[in-house]
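Participant: sequence plus predicted model, see below.
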Amino acid sequence: MADQHLSPSLLELAQLVQANSQIIVDHLQRNGLPLPSLAADAYPFFPGTGPPDVDTAPRLSDDIRTARTRLRVAAATLVHLAAGPADAAFTHITGHWMSACLQFVYHHRLAEHVPLDGDVSYTDLAAEAGVVPNQCARVLKFVATNGFFRQTRPGHVAHTAMSKMLLVPDFRDAVGYMTEESFVAAPKLVEAAEKYPGSGEKNETCWNLGHDTDLPMFEYFEHRPARMQRFMGCMRYLASGESFSIKNVVDAFDWPGLGKGLVVDVGGSFGHCCSEIAAAAPALDFIVQDLETVVAQARSERANDHDMDRVEFQAHDFFTEQPVKNASVYLLRFICHDYSDKYAAQILSHLAAAMGPHSRILIIDEVMPEVGVLSQVEEQRARMVDIEMMIRWECLPDLCLSARSIRTSPLDWNADRNTASTAWRETRTAGSHCSSRPIHGWNCAVSRTSRATSSPCWRWD
C-alpha cells in the first residue's frame, strides 16, 4: 500500500491551499493589512513576520502562523507533483546557476541602477554598471524567472518586490556573503570530507579550501575589513526577524529573578542583547566581552546610547581564561554553533572554571531536530543552517540532537561525540527552529551548575 505521506492527493492539496489562503486573507483584511504581492511597491514582509522595529503589523497568532505554514507546505508539494519527479529533481540540481547569476547582480550592483519606479533598457543599465549588455540581459532574464526583476517590454527591465530587497543594505550583504563566500566554499564539500575526515580544526574546512587560506574564517576576515563588515551585515539581516529577536531571550528567562547580579555576555558584540535585558531587569549589571577590535568599535558607536549605562565592554578572547569570576550568568548566544566540539569544549571549560556556587551558564543556540519534528518549511531552513555550518567550520555536521540525547543531556549538540559530561540537568525548551518563543522546539537551553562540592562539575573527556 502506498504511503499517504508520499502520495498526497492533488485535489486535497489544492483544497488545503484554498482553505488556508482564505484564513490568511481574512486575517489580513480584518486587520487592514496589505495583501501579498509581487509588485515593486509591495510590503516587504508577510505582515507580522518582519523585524519588530520595522514591521509594525501585529505578530501572528498561532492559528495564522499554522495556516501560513500549511499553505506553504501544501503549495510546495503541489508544485512538485504537478512537475513530476524528473522535472522537480532537475530544478534542484540547477540551483547553482541562480547563485552564480545573483553573484553577478550583486557584484555589479545591478539593482542600484534600476529605477525605483519605471524601467530601464538593458543597454543603458549595462552602460551604467560597466558590464557587457548581452551578459547583463541574459543574467537578468534568468533571475526574473525566480522573481528577481521583470521585463516590462522588449529590452527593458524593472524592479519587483524581491529585487528591491537588494537595495536593503543588510540583505545585500547577505546576498554578497552567500554568493561570494559560502557559494565559493560549497563545491569543496567532497574534497574537505576526504582530506580532513572528522577534523574539528577551525582551518580544515570547505571554506578554507574554497578560499585557499590556512586562516580560520574570522581571522581571515580580520585582515579584510570590508568582508568582515559584509559578514556582519549578513548576520544582522538573519537576526532581524522575529525568530532571532532579542525579545525572545528576554522573555525566555527570569532575568529580574537574578536580583542584583552580574551577567557576562561572552562574544556579545555591540551589547544589543544586554541593553534589552537591562531594560527588563533594572538591578542587573552587564559585561559584554568580545575581541579588541569589536570592543573598540562598540565603545565608539554606543558611547552615547542611554540604554548602556549599566553595560561595560571588555576585550576578551573566549579561548583563554575567563577574567570575570562568580558572575550570576555567563551568556553564550549563538556562539557554540560556530565551533566544533573541540573548541566549544574549550570555551565552556573556561567558563566552568570561573563559576561560583550560584553561577549559571545560559546557552541560546540552534540544535538540529529529529526529521519530521518541524514542518517541511522550518526543517528545510534548519537543514540549510546545518549545511552552512558544515561548510564553514568543519566537514562533519556539528549540530545534531537525537531523541536519546534530549532525554539525557540536551546540550550535547553533537550527539555522536560527547565531549562534555556535566552535572546539570535543567533544560528549557523554547521556540521553534531559530526562535525562543515558548512553543515547540529545542534550541534554548539553560544550564544551572553548582560548584558547591570539591569535585569539578564540568569534565572534558
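Facilitator: Looks like it arrived, so ask away. Residues are numbered from 1 along each chain as shown.
Participant: strands of this protein, start to end?
Facilitator: With DSSP state E, the ranges of strands along the chain come out as 120-121, 150-153, 156-158, 262-266, 285-290, 311-315, 329-333, 360-364, 420-422, 444-448, 458-460.
Participant: as TSV, those with mean pLDDT and mean neighbour count would be great.
Facilitator: C-beta coordinates here come from the backbone N, C-alpha and C atoms, glycine included. As requested, the strands of the chain are exported to TSV (pLDDT from 0 to 100; neighbours: other CB atoms under 10 Å):
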stretch	mean pLDDT	mean neighbour count
strand 120-121	98	16
strand 150-153	98	14
strand 156-158	98	20
strand 262-266	97	24
strand 285-290	95	24
strand 311-315	94	18
strand 329-333	94	24
strand 360-364	89	23
strand 420-422	38	16
strand 444-448	34	21
strand 458-460	23	16
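Participant: so which of these gets nearest Pro58?
Facilitator: strand 444-448 (23.7 Å; CB to CB).
Participant: now distance to Cys234 too, for the strands of the chain, in a markdown table please.
Facilitator: Shown next, in a markdown table, are the strands of the chain (distance: least, CB to CB, whole Å):
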| stretch | distance to Cys234 |
| --- | --- |
| strand 120-121 | 28 |
| strand 150-153 | 26 |
| strand 156-158 | 26 |
| strand 262-266 | 21 |
| strand 285-290 | 18 |
| strand 311-315 | 23 |
| strand 329-333 | 17 |
| strand 360-364 | 19 |
| strand 420-422 | 30 |
| strand 444-448 | 23 |
| strand 458-460 | 32 |
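Participant: mind checking those for the one nearest to Val377?
Facilitator: Comparing the strands of the chain by CB to CB, strand 444-448 comes nearest, at 20.3 Å.
Participant: care to break this protein down by domain?
Facilitator: 10-91, 94-166, 169-238, 241-372+397-460 (automatic domain parsing).
Participant: among these, which gets the worst mean confidence?
Facilitator: When those are ranked by mean pLDDT, domain 241-372+397-460 comes last with a mean of 71.
Participant: can you give me every residue that contacts the closest residue to Ala278 other than its chain neighbours?
Facilitator: Spatial nearest neighbour of Ala278, chain neighbours left out: Arg310 (5.4 Å); criterion: CB to CB, 6 or more residues apart in numbering. Neighbour list for Arg310: Ala278, Leu284, Asp285, Phe286 [criterion: CB atoms under 8 Å, 6 or more residues apart in numbering].
Participant: please repeat the previous calculation with a cut-off of 7 Å.
Facilitator: Applying CB atoms under 7 Å, 6 or more residues apart in numbering to Arg310 gives the contacts Ala278, Asp285, Phe286.
Participant: what does Tyr237 give?
Facilitator: Residues in contact with Tyr237 (CB under 7 Å, 6+ apart) are Asp170, Phe171, Asp173, Ala174.
Participant: now for the last one, how many residues are close by?
Facilitator: Counted with other CB atoms under 10 Å, residues neighbouring Ala174 total 22.
Participant: pretty sure it sits against Cys234.
Facilitator: Yes - look at Ala174 against Cys234 with CB atoms under 7 Å: they come within range, at 4.2 Å.
Participant: quick one: closest of the strands of the chain to His113.
Facilitator: His113 lies closest to strand 120-121 among the strands of the chain, at 7.0 Å (CB to CB).
Participant: what's in contact with that closest one?
Facilitator: Residues outside strand 120-121 that contact it (CB under 7 Å, 6+ apart) are His113, Val114, Gly155, His156, Val157.
Participant: what sits against the spatially most central residue of the chain?
Facilitator: The residue lying closest to the centre of the chain (CA atoms, centre = their mean) is Leu238, at 4.7 Å. By CB under 7 Å, 6+ apart, the contact set of Leu238 is Ala174, Phe244.
Participant: for Ile364, give the beta-bridge partners.
Facilitator: In this entry, Ile364 is beta-bridged to Arg333, Cys444, by DSSP bridges.
Participant: how far away is it from Gly356?
Facilitator: 21 Å (CB to CB, to the nearest Å).
Participant: need the max-distance pair from the contacts of strand 120-121.
Facilitator: So, the contacts of strand 120-121 by CB to CB: farthest apart are His113 and Gly155, at 15.2 Å.
Participant: neighbour-wise, which of the two wins?
Facilitator: Neighbour count, other CB under 10 Å: between His113 and Gly155, His113 has more, with 18 against 14.
Participant: list the residues that contact the more buried one.
Facilitator: His113 neighbours (CB under 7 Å, 6+ apart): Val120, Leu125, Glu128, Ala129.
Participant: who does the first one form a beta bridge with?
Facilitator: What that stands for is Val120. Val120 has these beta-bridge partners by DSSP bridges: Val157.
Participant: now the helices: where do they sit in the stretch 51-200 of the chain?
Facilitator: 62-83, 85-92, 95-107, 122-129, 133-144, 161-164, 169-177, 183-185, 189-195 (DSSP state H, counting those that start in this stretch).
Participant: how deep is Phe270 tucked in, by neighbour count?
Facilitator: Using other CB under 10 Å: Phe270 sits among 21 other residues.
Participant: now Ala89
Facilitator: Other residues near Ala89 come to 11 when the count uses other CB under 10 Å.
Participant: what of Phe142?
Facilitator: For Phe142, the neighbour count with other CB under 10 Å is 17.
Participant: same check, this time on Asp251
Facilitator: That count, for Asp251 with other CB under 10 Å as the rule, works out to 16.
Participant: now it: how far from Glu276?
Facilitator: Distance, Asp251 to Glu276, using CB to CB: 10 Å.
Participant: again with Ala75
Facilitator: 36 Å.
Participant: what do you get for Ile23?
Facilitator: Taking CB to CB, one finds Ile23 at 33 Å from Glu276.
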